[in-house]
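Undergrad: for reference, the sequence and a predicted model appear below.
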Amino acid sequence: MSATKLLKRICYGDGHAKEDGVTTEDIHHYTFGISSDPLLQFSAVFAALIHDVGHEGVPNGQLATELPHLAEIYESRSIAEQRSVDVALELLMLPKYKNLRACICGDEAGQERFRQLLIHCVLATDIFEKGLKEQRNERWEQAFHSQEATSEGPLSKEGMDRKATIVLEHIIQASDVSHTMQHWHIYIKWNERLFQEMYAAFKAGRAEKNPSEGWYKGELWFFDYYVIPLAKKLKECGIFGVSSDEYLTYAEQNRTEWEQRGEEICQAMLERCEMEAEKKAAKSKRIDSVPEEDEADENVYQDEQREGRSRSNSMNGSIRSANAIMEVEDNDESQHSYADH
Ligand SMILES: [Zn+2]
């Protein structure tokens, strides 16, 4: 929803089209070509939809320990994200979606471009992968503060593409954490969902630390070093109109309110989680009559599901080639292992 909202802002502007003398061509330039690129727009929305498909409820580091075969396939980088793309594309490639695919991207060249855009967008949601963040910041600097970017004349094709790509990444990133940039109640609701997910992982022995340790400060850090700078960038690129103001204002307000009430909220979240866990434990005691064999079967089934998914994966080649694309684009030594297959 957030991705659609931001894209709508770009494409319809703040009534730019209605102003006298503003042509479609003007809007095309003003939006770095995004307004006249439906495939790019669709890729962003589709990426927002599928970017966490198959998420295991634990961060990538833990995933690498639990599912080493996946870590191997994806070379221990952005494991969950690469897998989400795989799962989604595998589904989309089913014969029954042939017409849908034709509508989305038309010919083969369109399909290839769609896949590249999708991978680019989904990988942008891995904000903890070492190096990616710095590269993204550098690209932002280049796109918006380099000599060419700030000079008066019309942008080159490369300059436009660079801006479009980096803006696209930031739309996805903002959408991924858009709960932090909306009304307080929305922020608190989704903040608690994440807390519950991490608490469940902790209870299941899949995390070393109880999330309640450091959660309050962690949120403040996240606002200061991620959310607010991101909202400022949306504002800086100048194409989101009032939406970027709205995002930044909510982010700052939520930070202030969290600073005041966060500790007490953390305590309440923890209590609710503990209560839930106790209820669950009591319930599972009551239905202790489940025969052991069934449980074992269930586990085997789950393992098969996980492994089957990654092994039968017809799109791995695409992921690798997409990484190669990223590598060329980033032109960075540290990216090499991505494409070294
Ligand atoms: Zn997400």
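TA: Cool, the structure landed.
Undergrad: tell me which element the residue lying closest to K133 once chain neighbours are set aside falls in.
TA: Excluding the flanking residues, the one nearest K133 by C-beta to C-beta, 6 or more residues apart in numbering is I127, at 6.3 Å. Where you see a C-beta, it was placed from the backbone N, CA and C, and this is true even at glycine. Assigned by DSSP states H and E, I127 falls within no helix or strand.
Undergrad: please enumerate the helices of the stretch 51-200 of the chain.
TA: 60-66, 68-73, 79-92, 98-105, 108-123, 132-145, 147-150, 157-176, 184-203 (DSSP state H, counting those that start in this stretch).
Undergrad: out of these, which is closest to the ion?
TA: Closest of those to the ion is helix 157-176, at 4.3 Å (criterion: C-beta to the ion).
Undergrad: now for the closest one, which elements pack on it?
TA: Other elements packing on helix 157-176 under the criterion 3 or more C-beta pairs under 8 Å, 6 or more residues apart in numbering; DSSP states H and E are helix 2-12, helix 38-50, helix 108-123, helix 132-145, helix 147-150, helix 228-236.
Undergrad: redo the ones you listed as a markdown table? Include mean pLDDT.
TA: Listed next are the helices and strands packed on helix 157-176 as a markdown table, based on pLDDT from 0 to 100:
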| stretch | mean pLDDT |
| --- | --- |
| helix 2-12 | 80 |
| helix 38-50 | 94 |
| helix 108-123 | 93 |
| helix 132-145 | 84 |
| helix 147-150 | 76 |
| helix 228-236 | 91 |
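Undergrad: okay if I get those helices as JSON lines plus distance to P95?
TA: Listed next are the helices and strands packed on helix 157-176 as JSON lines, based on distance: least, C-beta to C-beta, whole Å:
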{"stretch": "helix 2-12", "distance to P95": "28"}
{"stretch": "helix 38-50", "distance to P95": "19"}
{"stretch": "helix 108-123", "distance to P95": "15"}
{"stretch": "helix 132-145", "distance to P95": "35"}
{"stretch": "helix 147-150", "distance to P95": "45"}
{"stretch": "helix 228-236", "distance to P95": "40"}
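Undergrad: just put the ones you listed in JSON lines and tack on distance to the ion.
TA: Formatted as JSON lines, the helices and strands packed on helix 157-176 follow (distance: least, C-beta to the ion, whole Å):
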{"stretch": "helix 2-12", "distance to the ion": "11"}
{"stretch": "helix 38-50", "distance to the ion": "8"}
{"stretch": "helix 108-123", "distance to the ion": "9"}
{"stretch": "helix 132-145", "distance to the ion": "15"}
{"stretch": "helix 147-150", "distance to the ion": "29"}
{"stretch": "helix 228-236", "distance to the ion": "14"}
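Undergrad: would CSV of these with mean neighbour count be doable?
TA: Converted to CSV, these look like this (neighbours: other C-beta atoms under 10 Å):
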stretch, mean neighbour count
helix 2-12, 19
helix 38-50, 19
helix 108-123, 20
helix 132-145, 16
helix 147-150, 10
helix 228-236, 18
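Undergrad: that'll do, ta.
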